[in-house]
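[1] curious how this folds, go ahead:
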Amino acid sequence: MLSAPIPPEICALVCDEVKTPGELALLCRTSTIFRAQAQQLLYRSINLQTCSMRKVRSWAVVIARNTHLAVLVQALALYLPIDISFDALDAHKVGRALASCTNLKELRVSGPDPPSGFLHGSNWRWMLTNCFFHLTKFENLYLCDNSIKYFYSNQNQLSVLVTYNSSYFSDRQNLLPALTAVGMTQMSHLPAGKALERIEIGLEADMLPLLQYKSTLTTLNLVRHWHDSQFSIGHAIKAVAESLPNIVHLGLVEPEEFLPCSQEQTSTATLQLFSRLETFTLSMLNVDAFVINEAPPHDLSDAAGVHDLSYAVLMACPTLRRVAICAEVAEGKPLASLFTRSAAGLVKHESRTGFGFEEFSMFWNDGPSEWSRY
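    Numbers count the residues shown, from 1 in each chain. The predicted model follows:
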C-alpha cells in the first residue's frame, strides 16, 4: 500500500507515456490515483470523424451527463449524417454535448460530400444555439455559414476558419476580428480587409485576389480539384513565385483522381525566385511525370522518380528546409519522399507509404497536425 499520495506532476509524467486512447481509458477505470490526469489527456482532444453515429451518440450522452468531463474537451472533430438520415433525437444529443463543452477551442464538423456545392446540415443550425464557447479554430464543412451567423457574431477569438460556403464572409470586414487563417473554395470569397497569414484555397488561374495579403501571407496551400490544361501545377508554382516571393510555406494537393493525367514542369530559376521558402509540400494523384529544367522527366510511377524529384527541388531552392512530395507509384499506393535540411546543411531522407497532406501542412496548427483531411 502506498504510504503517501503520488504528486500530480509524477502522475502527469506517467500518463504522458501512455500512447493510445484505449490505454488511457483503461487507466481511468483501473487506477483512482491516475484517473484525473488520464481523463484530462483522454478528453482534451476528441476525434470522432471516422466513428459510427452509434459511437458519436454514446459520446454525446456521456459528455452531456458528466460536466466534469465536458469541461476538459478543448478540441473536437465530428462527422455527421446528411439531413434526411440524421435522427432528430441524435441531433439533440449532439447539441446538448456541444453546449456542455464550455472550454472548447477547436471544432471540426463535416459530413458526406454535399451535392453541387450546397451544404446539408442547415436544418440543424440550432445545435449551436446554446453554445457559448469561444473558438480559436473552426472547420465547418457541414452547416451553412449564413444559417449560423449569430454564432459567428460572438466568435471574437476565432483565428482559423475552414468552410465550403464562404461567400458570407467576403464583405463583412468587422466579423471575426482575430481571423488570420482561412480555408475556402474560391478566391473571390476571400475576406477583404483582413491581415491574413495563412490561406488554403482552390487552385485557380487568377491569383490576383491573393495579392491583397502580400505583406502578411506566410503560408499558402493550393487545392487542385479539376484538370485545367491552361493552368497546371507548374504554372501555379511560377505564378506564386513571381507574385508572392516571400511565402514561407507552400503546398499543392490533389485530393482526388481525375482524368487525364499530365506531365508537369518547373525550373530552378522559378524556385529560386522564392526568397524565404522553408517548406514545400506536393501531393499528386494525377501527374505521371515531373520535369525540372527540361532534364529527363522524373517518373512518378517509380519510387526512384519520386525520390529524385524531391531531392532536386530541395537543391534548387537554397532556403528550403523541408520538401515532402507524394505520388501514386501504383493504383491506390501513394509513396511519399521527405527530405529535410538542417541549418548546418545536413540533408536527411525518409520514405513512407501513405501520405496525409495535413500532417506536413503548416496551415491548421502552423506545424504538424494529428488530424488529416486529405
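[2] domain map for this protein?
    Under the assignment automatic domain parsing, the domains of the chain span 7-43, 49-179, 192-374.
[3] how many neighbours does the closest residue to Ala70 other than its chain neighbours have?
    In space, and not counting its chain neighbours, Ala70 is closest to Ser100: 3.7 Å by C-beta to C-beta, 6 or more residues apart in numbering. All C-beta atoms are positioned from the backbone trio N, CA, C, and that covers glycine. Counted with other C-beta atoms under 10 Å, the burial measure for Ser100 works out to 21 neighbours.
[4] which residues touch Ser100?
    Counting by C-beta atoms under 8 Å, 6 or more residues apart in numbering, Ser100 makes contact with Ile63, Ala64, Thr67, Ala70, Val71.
[5] strands paired with the helix or strand encompassing Leu282, and their directions?
    Per DSSP states H and E: Leu282 is located in strand 279-284. With DSSP bridges as the test, strand 279-284 is paired with strand 249-253 (parallel), strand 322-330 (parallel).
[6] what's the local residue count around the residue nearest to Pro112 when sequence neighbours are not counted?
    With C-beta to C-beta, 6+ apart as the measure, Ile82 is the residue that lies nearest to Pro112, at 5.5 Å, once sequence neighbours are left out. The number of residues packed near Ile82 is 16, by other C-beta under 10 Å.
[7] gap between Ile82 and Gly234?
    Distance check for Ile82 against Gly234: by C-beta to C-beta, to the nearest Å, it reads 38 Å.
[8] one more: Val182?
    Counting by C-beta to C-beta, the separation of Val182 from Gly234 is 26 Å.
[9] more neighbours, the two?
    For the pair Val182 and Gly234, the greater number of neighbours falls to Val182 (25 against 19), based on other C-beta under 10 Å.
[10] the more buried one: which element?
    Under DSSP H and E, the secondary-structure element containing Val182 is strand 181-184.
[11] output the below-cut-off pLDDT ranges for this protein.
    Per-residue confidence of the chain (counting by pLDDT under 70) places the weak regions at 1-36, 83-84, 114-123, 165-167, 170-171, 173, 259-260, 365-374.
[12] try 80 this time
    Along the chain, segments meeting pLDDT under 80 span 1-42, 82-85, 113-124, 164-174, 226-230, 257-262, 330-332, 354-355, 365-374.
[13] need the strands paired with strand 279-284 in TSV (columns: mean neighbour count and distance to Phe363).
    Supplementary listing: the strands paired with strand 279-284 in TSV, determined by neighbours: other C-beta atoms under 10 Å; distance: least, C-beta to C-beta, whole Å:
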stretch	mean neighbour count	distance to Phe363
strand 249-253	23	8
strand 322-330	23	14
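[14] so how far is stretch 96-115 from its chain's centroid?
    Here the centre of mass of C-alpha atoms in stretch 96-115, compared against the chain's by C-alpha atoms, centre = their mean, to the nearest Å, lies 15 Å away.
[15] what of stretch 211-228?
    Using C-alpha atoms, centre = their mean, the distance from the centre of stretch 211-228 to the centre of the chain it belongs to is 15 Å.
[16] measure that stretch end to end?
    One end of stretch 211-228 sits 22 Å from the other (C-alpha to C-alpha, to the nearest Å).
[17] next: stretch 160-178.
    Stretch 160-178 has an end-to-end distance of 9 Å (C-alpha to C-alpha).
[18] of all the strands paired with strand 279-284, which one is nearest Gln263?
    Shortest separation from Gln263 across these is recorded for strand 322-330, at 12.3 Å, computed as C-beta to C-beta.
[19] what does the closest one contact?
    Residues beyond strand 322-330 that count as contacts (C-beta under 8 Å, 6+ apart) turn out to be 278-285, 287, 300-303, 305-306, 309-311, 313-314, 334-341, 355, 357, 360.
[20] quick one: that strand to chain centroid distance?
    Between the centre of strand 322-330 and the centre of its chain there are 18 Å (C-alpha atoms, centre = their mean).
[21] mind listing what's buried along the next helix or strand after it?
    Once the chain leaves strand 322-330, the next helix or strand it forms, by DSSP H and E, is strand 333-341. With burial defined by 16 or more other C-beta atoms under 10 Å, the residues of strand 333-341 counted as buried are Pro334, Leu335, Ala336, Ser337, Leu338, Phe339, Thr340, Arg341.
[22] wait, the first one sits on Gly354?
    Yes: applying C-beta atoms under 8 Å, one finds Pro334 in contact with Gly354, separated by 6.1 Å.
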